[in-house]
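Novice: pasted the sequence and its predicted model underneath.
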Amino acid sequence: MAEADLALIPLEQPQLDLAGIRSRCGVPRHAAEGGKLRSAQEAHLKLGPRWRVLDTRALGQVEGIADLSLPKAGRGESDHQLHPALADIATGWAMELIPGYKPTNLWVPVSYARVRVHHPLSARIVSWVRSASGNRGDGESASFDITLATPDGRVCVDIEGFSIRRLTDSGVLDAPRDGQTQPLSPAEERLQHNPSQGILPDEGAEAFARALPQVVVSSLDLDALTLQAAASSAEPRATQKFERPQLDAG
């Protein structure tokens, strides 16, 4: 389950000083010609070709900056205002900013404190990540502030308090191998048992029809008809009298 408060409000258009940020983060690491850099989380996750979006990366003391772009396989997918591959890697590439970070554990997203969306993400973006104080590699969680911008520094998405949690057992994400299935937990066994206690589709449709209230459609005012019927039933019923006819005696 997820919860969020949404609001449409006018915002001032922010602009990043990319030159200043790059100077603080030092010499960037570039991908090989025609290739992409691997993200730290790929030690635990197998990502598809659309998720290979990291072109350069550079880390400073408590901040980092990266250039990202969609591969050919993901370009032209204009239905995405915030392309999931760009948004995912742009928020999770700078794990080394966590003091004492080791790639032995998988860190998974938990929550965002606030997200401001100014513009859709273009095919090429810049990710500026700042590490919150108190982050530790042996801690249970870590937090970052992240800004995604166009290559000229125009801010597209501003994220505050992006929290991630360290998994101590990443095996929970492993898929079964060699046709073997993992044993079900007690909760999973109960969930699997529940469908067997249900009813057949035909039985459900019949029960639903019985539960529906009777529907009456009329072109007349139903309240007026009800009052009219009540008034009619309250009036005494008139008795029609007939005179006996005169019969000629034959």
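Specialist: Yes, it's here. Predicted, not measured: the structure shown is a model, and the values here were computed from it.

Novice: not counting its neighbours along the chain, what's nearest Phe162?
Specialist: With sequence-adjacent residues excluded and distances taken as C-beta to C-beta, 6 or more residues apart in numbering, Phe162 is closest to Phe144, at 4.8 Å. All C-beta atoms are positioned from the backbone trio N, CA, C, and that covers glycine.

Novice: what bridges to the nearest residue to Val27 once chain neighbours are set aside?
Specialist: With sequence-adjacent residues excluded and distances taken as C-beta to C-beta, 6+ apart, Val27 is closest to Ala58, at 6.7 Å. Beta-bridge pairing for Ala58 (DSSP bridges): Ile65.

Novice: partner residues bridging the residue nearest to Phe162?
Specialist: Beta-bridge pairing for Phe144 (DSSP bridges): Ser131, Phe162.

Novice: what does the pLDDT read for it?
Specialist: For Phe144, the model assigns a pLDDT of 97.

Novice: how near is it to Pro195?
Specialist: In this view, Phe144 and Pro195 are 41 Å apart by C-beta to C-beta, to the nearest Å.

Novice: so which of the two has more stuff around it?
Specialist: A count of neighbours by other C-beta atoms under 10 Å puts Phe144 above the other of Phe144 and Pro195, at 24 against 7.

Novice: can you pull the contacts of the more buried one?
Specialist: Each residue near Phe144 by C-beta atoms under 8 Å, 6 or more residues apart in numbering is listed here: Thr91, Ala94, Leu97, Val129, Arg130, Ser131, Ala132, Ile159, Phe162, Ile164.

Novice: from Gly92, how far out is it?
Specialist: Distance from Phe144 to Gly92, by C-beta to C-beta: 9 Å.

Novice: shared neighbours, these two?
Specialist: Ile164.

Novice: before we move on, the earlier item: these two touch, right, the residue nearest to Val27 and Leu37?
Specialist: No. Ala58 is not in contact with Leu37 according to C-beta atoms under 8 Å; the separation is 11.3 Å.

Novice: find residues that contact each of the two.
Specialist: Arg29.

Novice: enumerate every residue touching Tyr24.
Specialist: Just so we're on the same page, residue 24 is Arg rather than Tyr. Residues in contact with Arg24 (C-beta under 8 Å, 6+ apart) are Gly60, Gln61, Glu63.

Novice: lowest-confidence one in these?
Specialist: Least confident by pLDDT among these: that is Gln61, with 91.

Novice: show me where pLDDT drops low in the chain?
Specialist: In the predicted model of the chain, residues 1-2, 73-79, 169-185, 187-188, 191, 213-216, 233-250 satisfy pLDDT under 70.

Novice: the longest helix in it is where?
Specialist: Identified as the longest helix of the chain according to DSSP state H is helix 222-234.

Novice: ranking the contacts of Phe144 by neighbours, who comes first?
Specialist: Neighbour tally across the contacts of Phe144 (other C-beta under 10 Å): the maximum, 27 neighbours, falls on Val129.
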